[in-house]
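J.: task: produce atomic coordinates for the following.
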Amino acid sequence: MSSRAFRKLHGTDDLFPDLPPEEESSDDEAENAVSLPPPVETKTDAGNLFDLLQEDGNDVSEEEPETEIKVNGTKEKEKTEAPQGGAKKKKKKKKKKQKQGGSGGNKDEKQEEDIDATIKEVNELLGPLPNGGLQGSSKQDNVGLETKALLTVEHRFLNPENEMKKIFGAQVIRTEQRRRNRNRQYHRATWLATAKADWPHMGKTGLTMNTLETRAGYHHFTFEHSRDYQQVQFKFLDAVASMNPGNIAAILQINPYHIDSLLQLSDICKMQEDVQMATDLIERALYCFESSFHPLFNLTQGNVRLDYRRPENRSFFIALFRHLTFVGQRGCNRTALEFCKLLLCLDPDGDPLGTLLMIDYYALKSEQYNFLIRLYNEWEAHRNLSQLPNFAFSIALAYFHSSVNGNTSKADDMLQNALIMFPSVLMLLLDKCSIQPDPQVSKHQFFGPANQVNQPAALNQLVALFVGRSFAVWKEPEVVTWLESNVKKVLSKVDKNDRRVKDYKQKRLSRYQGAPRNIYRHILIAEIKDATVNLPAELAGTPVMSYDPLPPKDSITSYERPPRAAWSSLGRENNVVTEFLRSLMPTYLPPPPGSTTTDAPMLDMNTEQEGAIGGYMAPNTDMRQGITNVMDAMRNLLRTLPRGEGEEDEEDGEIIEEFD
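T.: So this is what the prediction gives:
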């Protein structure tokens with residue numbers, strides 16, 4: 001602030017009391033004496049408080065309704081309102097400033113030099129500022145801080161409607177929003193999902209979130225179920241065991257925001273090709289989750305963690321995965337990428353749903369090449385992303401699209417390394433893209449089917465997953481041309497016995513001996529047919545529930561399901577009709593001789609033992625079990641037998657009925 005502005009605000013006598021009157025006077029005071037109008041006693045409208053800024057563009061002063069100015073040696077109060085003739089006087093002042101521009105510029109330069117000198121003196125006295133605690137930290141701490149910045153989520157990209165406006169136009173989306181928001185009830189504003197008018201009112205759901213600990217700058221949370229929610233969860237498990245979707249729908253009629261019921265029913269609707277209803281149920285689950293967030297649970301900072309080993313947290317992971325899949329199918333790839341970042345930052349070390357297997361695809365589709373390159377460069381050292389076929393090829397494509405002036409040397413090197421490391425990808429990718437390969441390529445042994453047969457089964461699953469999901473980004477004409485030129489370079493290196501060919505072959509055979517459980521879990525949820533076919537035999541017979549596919553073996557359970565009885569309280573009543581109806585079941589066991597139905601023992605369905613020592617076993621039990629085993633073997637045999645052209649399905653049913 002200049003001295004002239006100080007004089008206008010505080011008066012000249014009070015500003016420098018120690019200076020003599022001769023030193024106080026300056027050209028600015030003379031200018032003020034000429035330009036200031038006499039006091040106006042008439043009442044006018046409120047003055048413009050920015051006149052002081054207009055008079056001196058380089059000075060900044062506080063806005064005061066009144067200022068004290070010295071006129072003829074006396075202090076008088078005057079409003080800052082300019083009179084009618086003020087405009088002409090301001091023009092005169094501007095002309096004077098232009099004449100004195102050189103001296104004013106020198107004053108400003110002197111002030112800047114004084115400020116710089118003062119800052120330099122303060123730094124010499126106090127020393128340099130600390131570097132935010134990074135000095136003396138380990139390499140892992142640096143990686144953690146970089147990860148936090150890398151996985152920071154921008155909430156404006158979590159709403160797919162914002163991306164739909166860019167695709168179809170804002171007017172179309174607004175018209176659709178007005179149609180849907182008619183008679184809309186009040187709902188809480190959320191980021192993950194937008195509440196709809198036809199959704200039921202959400203009261204106390206029984207789902208809460210609490211903090212566990214804060215470690216290394218990351219906050220660990222967990223969801224918790226109340227006692228009432230646990231009872232609903234037990235009913236849901238019974239409904240799933242009944243294999244009747246109507247029972248799950250009945251639970252949602254009473255508890256419309258039960259998470260696992262929403263997930264299971266959404267999967268059923270997807271099987272029935274009702275994608276709209278499936279998407280709506282997933283969004284309702286996310287809305288319920290976000291409404292129960294802890295106040296410290298911030299999605300956008302990237303410093304919150306959830307443990308997948310806890311069953312209460314798994315539903316949130318699965319809901320996010322399915323939601324980003326539905327969003328990606330609608331063409332909102334930028335939104336899907338943001339949800340991938342959110343899903344990965346919840347558990348970046350474990351990655352329970354294999355987010356790294358698909359984040360590269362959405363980064364390429366949304367043209368976020370810099371993010372993908374940064375992710376690869378920062379995580380390659382501790383995560384070995386180059387050993388995943390999807391990252392090995394996607395990072396090369398990202399460098400190709402971000403190349404400047406046609407310089408694709410970096411992209412060429414990375415693509416050639418990917419082709420040498422994973423030669424089985426090429427023919428599958430070309431076949432998926434409906435591209436006829438060159439005869440030189442198709443006849444060469446390096447890209448032949450021998451490599452695919454000899455490599456481990458786990459690697460075949462990763463390759464099939466990558467090709468089945470990302471083949472669309474490799475169909476562009478310029479990409480195909482670039483791929484063709486690098487394939488020919490790879491063949492020349494193979495013919496020259498390049499050292500990398502032999503080294504990479506040893507790596508393929510020694511690694512990928514078994515796929516982790518999170519990769520199988522990703523394949524099951526993603527439902528990519530090319531990868532689902534290659535699942536191992538031990539998983540083919542494992543029951544997979546949509547609300548919790550392949551739970552971890554080291555689960556942390558907070559409550560247990562009570563033991564289920566084979567005979568309900570209704571069946572224990574001394575009722576002849578009920579006993580007769582139960583006797584028609586193939587698993588019926590008659591009560592011991594001399595006892596009634598009320599004295600019948602309770603059978604625990606959760607125990608794996610067939611019987612206890614000294615306990616009662618009905619006669620002919622072994623024979624019944626043997627017949628049952630034979631029948632199961634016959635059914636499996638009949639399913640595997642090749643069926644003739646003229647045979648019908650009814651013949652198998654007749655054979656089975658004879659043995660029954």
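
J.: please count neighbours and contacts with C-alpha atoms only from this point.
T.: Fine.

J.: what segments of the stretch 301-450 of the chain are strands?
T.: Secondary structure of the stretch 301-450 of the chain, counting by DSSP state E, counting those that start in this stretch: strands at 304-306.

J.: which residues in it form helices?
T.: Along the stretch 301-450 of the chain, counting by DSSP state H, counting those that start in this stretch, helices occupy 311-329, 333-346, 359-365, 369-383, 389-401, 409-421, 424-432, 439-442, 449-454.

J.: if I average pLDDT within each of these, which one is lowest?
T.: When these are compared by mean pLDDT, helix 449-454 comes last with a mean of 82.

J.: could you pull out the strands for the protein?
T.: With DSSP state E, the ranges of strands along the chain come out as 66-71, 74-79, 207-215, 218-225, 304-306.

J.: which residues does Cys340 contact?
T.: Each residue near Cys340 by C-alpha atoms under 8 Å, 6 or more residues apart in numbering is listed here: Phe321, Leu324, Thr355, Ile359.

J.: roughly how far apart are it and Thr481?
T.: Per C-alpha to C-alpha, to the nearest Å, Cys340 is found 30 Å from Thr481.

J.: of all the helices of the stretch 301-450 of the chain, which one comes closest to Ala285?
T.: Among the helices of the stretch 301-450 of the chain, the nearest to Ala285 by C-alpha to C-alpha is helix 311-329 (7.1 Å).

J.: what comes up buried for that closest one?
T.: Neighbour-count burial for helix 311-329, with 16 or more other C-alpha atoms under 10 Å as criterion, is recorded at 311-328.

J.: quick one: contacts of it?
T.: Residues outside helix 311-329 that contact it (C-alpha under 8 Å, 6+ apart): 160, 222-225, 259-260, 263, 279, 282-283, 285-286, 289, 306-308, 333, 335-337, 339-340, 343, 353, 362, 525-526, 547-548, 555-557.

J.: 7 Å instead?
T.: 222-224, 260, 279, 282, 286, 306-308, 336, 339, 343, 547, 557 (C-alpha atoms under 7 Å, 6 or more residues apart in numbering).

J.: ranges for the helices of the stretch 451-600 of the chain?
T.: Using DSSP H, counting those that start in this stretch, helices in the stretch 451-600 of the chain cover 457-470, 477-495, 499-510, 517-526, 529-532, 537-540, 576-583.

J.: redo the ones you listed as CSV? Include mean neighbour count and distance to Asp114.
T.: As requested, the helices of the stretch 451-600 of the chain are exported to CSV (neighbours: other C-alpha atoms under 10 Å; distance: least, C-alpha to C-alpha, whole Å):
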stretch, mean neighbour count, distance to Asp114
helix 457-470, 22, 61
helix 477-495, 15, 59
helix 499-510, 14, 63
helix 517-526, 20, 62
helix 529-532, 18, 69
helix 537-540, 10, 75
helix 576-583, 12, 98
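
J.: rank those helices by mean pLDDT and give me the bottom one.
T.: Confidence, taken as mean pLDDT, is least for helix 576-583 of the helices of the stretch 451-600 of the chain (a mean of 62).

J.: which among the contacts of Cys340 gets closest to Gly448?
T.: Within these, the smallest distance to Gly448 is 29.3 Å, found for Ile359 (C-alpha to C-alpha).

J.: against Phe326, how distant is the closest residue to the closest one other than its chain neighbours?
T.: With C-alpha to C-alpha, 6 or more residues apart in numbering as the criterion, Ile359 has its nearest non-adjacent residue at 6.0 Å, and that residue is Cys340. Distance, Cys340 to Phe326, using C-alpha to C-alpha: 13 Å.
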